[in-house]
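# Show me the folded form of this:
(2 chains)
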Amino acid sequence: MTALLELHAVSKHFGGLAAVDKVEFAVEQGEILGIIGPNGAGKTTLLNCISALEPLTAGEIVFKGQRIDTLKPHQIAQLGIGRTFQIVKPFIGLTVKENVAVGAMYGHTARGESVGKAMHQAQEIMERVNLAHKGDYATDEITVADRKRLELARALAMQPELLLLDEVMAGLNPRETDEMMEVAQEINRRGVTILIIEHVMRAIMGISHRIVVMHHGKLIAAGTPQEIANDDRVIEAYLGERYAAAKRAKSTGADSTASLWQ
Amino acid sequence: MSTSDQEMQKAGEGAKRRSIFTPRTQRLLSIGFVAILLICAAVAPFRLSGYWVRVLTGMFMYAALASSLNIILGYTGYADFGNIVYFGMGAYVTGVLMVTWRVPLPLAMLAGGLFCSLFAIIIGLPILRLKGNYFAIATLGLSQAMREIVRNMRITGGGMGLSLPLLRVDPRVFNLIVYFMMLGILAGVVIISYVVSHSRFGYGLRAIKADENGAAVMGIDTTKWKVRAWAITAFCTGIVGGAYAFWFVYFTPPDVFEILMSTKYLVMVYLGGIGTVAGPVIGAFLLEFISDYVWGRFLQIHVGVLGAAIVLIVLFMPKGFIHMVRSRILPLLTRAGAHEERS
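Residues are numbered from 1 along each chain as shown, chains lettered A, B, ... in the order given. Prediction:
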């Protein structure tokens, strides 16, 4: 495996607050890498740094061997990095299908794509995320789950090599979450590398090949889902020191700890 | 609210945004409708009095200005309060070229439009990085600064104004020439607006309007697109300014950098339907018709009556005339068809 995206000592400070503090990891070609961490850990800020919505305070970001932290958001998109937003903001005034088509018109491989061809591609993408029948709807006429699907479809239409997913499963019911997990895995099988932030533990433990954990802007652990589930520092960050101490005292087995993450 | 009003509202909501015609039929209907309008407009000046020919010419001018403004304001979502700067610059570039270098009118107008475009690109690159309200304020300042600059230049005639060479024809013929010139410009601007609205570029602009960061991470070079949109607006507005110069023959800086005038066509854009192709044209005709009517009937209190009319319009069709027709009137006419399609 080769690294598709490398983060070298990436820092982002807001005044005196280090929202992201010397974070260092790599996303391997073809994997699904999960980022977890408590609220305010700096996960979304990190994604904003990668897509250049926030300029870095220090550090370097390298995509396919090319340094990208000096580029603008649209240049990064055209290089092949697509993303979704935690707070979905569809383009109001455009229909669902037109929203997706914008991704096809401007994304990775699509310079100068005609409107008709983009609409055609949008239709295909919407079928992949189970949104095909909502194409003509206005964005305020669809459900929360459909808005999440739309958010994913827009990013997919860009035909990215790397997809950054920011809590696409938040607000979904268990059945919809399962469906979204399947869709994400299907996208990954087609060769798209995925970097995903998620609070739904069942989902992120289920689909990630590897997971990194952030806490107070710092990377505190990295490993397979199983390793992460049993990591004391992670348990401490999530469940508090007292719980971690109690767990150590009891020294319960790995299986019962893993069930905490369900 | 009466029962019929409630029914009307229900029907409007029921058939929201889904037309009862197929896109193909819709397109044919639109083309037919526009063709009929054009034929009427071509015949009208030979049937109407000189007064109405002038009123219609004014309507065409405002419709063209509103359509031009709509590209930056309606499609891109950037409030250009000082758009009048391009009207004035277009008028002055055309005038100065004709007076000083004897450049023929069409060439002078084209030069005026291109000059405005170039100006928009140079000024736009820094100020279109500003978002939202800051841009509006910057454009407002720009238009006032430009008026003072022109007032203090020698080549523009300064505060004394500029007189263009008079075309030696019968006034009736002159009015006809101006009428068809404005009609032609309006048609051109509407075609540009239509092409932009249906193009990849237009979708990019509407994405920027809805969510600028979202547009950027999808690969849209937002600053470049905004500057391009503004350059198109400037070009069209400048051409109209050149036509105005030819029409009015003599003008001074306050005449063509009149901020109230750009407020007027800004209102027209909202009145007709912001961000649509036909909206600004309809808005211009509506407002000009109302203000002409009011002017004639209520000479003493016309500003008050006009103000009241605008308030009523904003109250009862806040999204513009086009939207009201689409959501209220069309479904009412074709309720049966709409129900059939949904079931």
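
# how close does the residue positioned nearest the centre of chain B sit to B:Ile137?
Central residue of chain B (Cα atoms, centre = their mean): B:Ala66, 1.1 Å from the mean position. To B:Ile137, B:Ala66 is 22 Å away according to Cβ to Cβ, to the nearest Å. In this view, the C-beta of every residue, glycine as well, is placed from N, C-alpha and C.

# for B:Phe33, same thing?
Distance of B:Phe33 to B:Ile137, computed by Cβ to Cβ: 39 Å.

# What of B:Tyr265?
From B:Tyr265 to B:Ile137 the distance is 19 Å (Cβ to Cβ).

# Which one of these two is surrounded by more residues?
Of the pair B:Tyr265 and B:Ile137, B:Tyr265 is the one with more neighbours under other Cβ atoms under 10 Å in any protein chain shown, namely 30 against 15.

# ok now do that one, which residues does it touch?
Residues in contact with B:Tyr265 (Cβ atoms under 8 Å, 6 or more residues apart in numbering or on different chains) are B:Tyr62, B:Leu65, B:Ala66, B:Leu69, B:Asn83, B:Pro280, B:Ala284.

# Next one, pLDDT for the residue nearest to the centre of chain B please.
For B:Ala66, the pLDDT comes out at 97.

# That one contacts B:Ile282, doesn't it?
No. Using Cβ atoms under 8 Å, B:Ala66 is not in contact with B:Ile282, being 9.3 Å away.

# Check the contact lists of those two and give me the overlap.
In contact with both B:Ala66 and B:Ile282: B:Gly272, using Cβ under 8 Å, 6+ apart.

# in what helix or strand does residue 45 lie?
Unless you meant another one, I'm taking chain A. In this assignment (DSSP states H and E), A:Thr45 forms part of helix A:43-50.

# actually chain B
Assigned by DSSP H and E, B:Pro45 belongs to helix B:23-47.

# How far off centre is that helix?
How far helix B:23-47 lies from its chain's middle: 19 Å, per Cα atoms, centre = their mean, to the nearest Å.

# so does it get close to chain A?
No. Helix B:23-47 is not in contact with chain A by Cβ under 8 Å from any Cβ of the partner chain; minimum separation 10.7 Å.

# What's the first helix or strand after that helix?
Once the chain leaves helix B:23-47, the next helix or strand it forms, by DSSP H and E, is helix B:50-70.

# Run through the neighbouring helices and strands of that next one.
Helix B:50-70 sits against helix B:23-47, helix B:171-198, helix B:222-248, helix B:259-272, helix B:279-297, with contacts defined as 3 or more Cβ pairs under 8 Å, 6 or more residues apart in numbering or on different chains; DSSP states H and E.

# To A:Ile35, which of those lies closest?
Nearest to A:Ile35 among those is helix B:222-248 (27.2 Å), distances taken as Cβ to Cβ.

# just the angle between the closest one and helix B:259-272, please?
In this structure, helix B:222-248 runs at an angle of 110 degrees to helix B:259-272, with axes from the mean of the first three to the mean of the last three Cα atoms, to 10 degrees as the basis.

# if we can go back for a sec, sheet-wise, list the partners of the helix or strand just after the helix holding A:Thr45 with their directions.
Next helix or strand after helix A:43-50 toward the C-terminus (DSSP H and E): strand A:58-63. If you go by DSSP bridges, strand A:58-63 pairs up with strand A:3-14 (antiparallel), strand A:66-67 (antiparallel).

# quick one, which of those strands is packed in tightest?
strand A:3-14 (a mean of 18; mean count of other Cβ atoms under 10 Å in any protein chain shown).

# ok, residues contacting it?
So strand A:3-14 is in contact with A:18-29, A:42, A:45-46, A:49-50, A:54, A:56-64, A:69, A:81, A:161-162, A:193, A:195, going by Cβ under 8 Å, 6+ apart.

# Let me see the mean pLDDT of the helix or strand just after it.
Counting by DSSP H and E, the element after strand A:3-14 in chain order, helix or strand, is strand A:17-28. Averaged over strand A:17-28, pLDDT sits at 95.

# Neighbouring strands - and their directions - for the helix or strand following strand A:17-28?
Downstream of strand A:17-28, the first helix or strand assigned by DSSP H and E is strand A:32-36. Using DSSP bridges, strand A:32-36 pairs in its sheet with strand A:193-197 (parallel), strand A:210-215 (parallel).

# Dump those to TSV, plus mean neighbour count and mean pLDDT.
Conversion of these to TSV gives the following (neighbours: other Cβ atoms under 10 Å in any protein chain shown; pLDDT from 0 to 100):
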stretch	mean neighbour count	mean pLDDT
strand A:193-197	23	97
strand A:210-215	22	94
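
# I'd like the distance between A:Glu24 and A:Ala222.
10 Å.

# Write out the residues of chain B neighbouring chain A.
B:16-18, B:198-200, B:203-204, B:206-207, B:209-211, B:213-222, B:275.

# Only whichever of the residues you listed are buried, select them in PyMOL.
To isolate the buried members of these in PyMOL, using 16 or more other Cβ atoms under 10 Å in any protein chain shown:
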select buried, chain B and resi 200+203+204+206+207+209+210+211+214+215+216+217+218+219+220+221+222+275
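
# rewinding a little: which one, of the helices and strands packed on helix B:50-70, ends up nearest to B:Leu118?
Going by Cβ to Cβ, the one of the helices and strands packed on helix B:50-70 nearest B:Leu118 is helix B:222-248, 8.0 Å.

# Tell me which other helices or strands the following helix or strand past the closest one touches.
Of the helices and strands lying after helix B:222-248 in sequence (DSSP H and E), the nearest is strand B:250-251. Contacting strand B:250-251 under the criterion 3+ Cβ pairs under 8 Å, 6+ apart are the following elements: strand B:162-163.

# packing partners for the strand it packs on?
Using 3+ Cβ pairs under 8 Å, 6+ apart: strand B:162-163 touches helix B:84-101, strand B:250-251.

# Quickly compare the ones you listed and say which is most buried.
For those, the highest mean count by mean count of other Cβ under 10 Å goes to helix B:84-101, at a mean of 25.

# downstream neighbour of that one in the secondary structure list?
Downstream of helix B:84-101, the next assigned helix or strand under DSSP H and E is helix B:105-127.

# just how off-centre is stretch B:59-68 within its chain?
Distance, stretch centre to chain centre, for stretch B:59-68: 4 Å (Cα atoms, centre = their mean).

# Next, the angle helix B:279-297 makes with the host helix or strand of B:Leu312.
Following DSSP H and E, one finds B:Leu312 within helix B:302-316. On the basis of the same axes, to 10 degrees, helix B:302-316 is oriented at 140 degrees to helix B:279-297.

# and A:Glu24 and A:Ala222? which has more neighbours close in?
When neighbours are counted by other Cβ under 10 Å, A:Glu24 and A:Ala222 differ, and A:Ala222 comes out ahead with 17 against 13.

# separation between B:Gln26 and A:Glu141?
From B:Gln26 to A:Glu141 the distance is 20 Å (Cβ to Cβ).

# what do you get for B:Ile301?
For B:Ile301 relative to A:Glu141 (Cβ to Cβ), the value is 45 Å.

# re earlier: the helix holding B:Pro45 packs against which elements?
helix B:50-70, helix B:171-198.

# quick one: buried residues of the shortest one?
What it means is helix B:50-70. By neighbour count on 16+ other Cβ under 10 Å, the buried set for helix B:50-70 is B:53-54, B:56-70.

# Can you get me a residue count around B:Leu167?
13.
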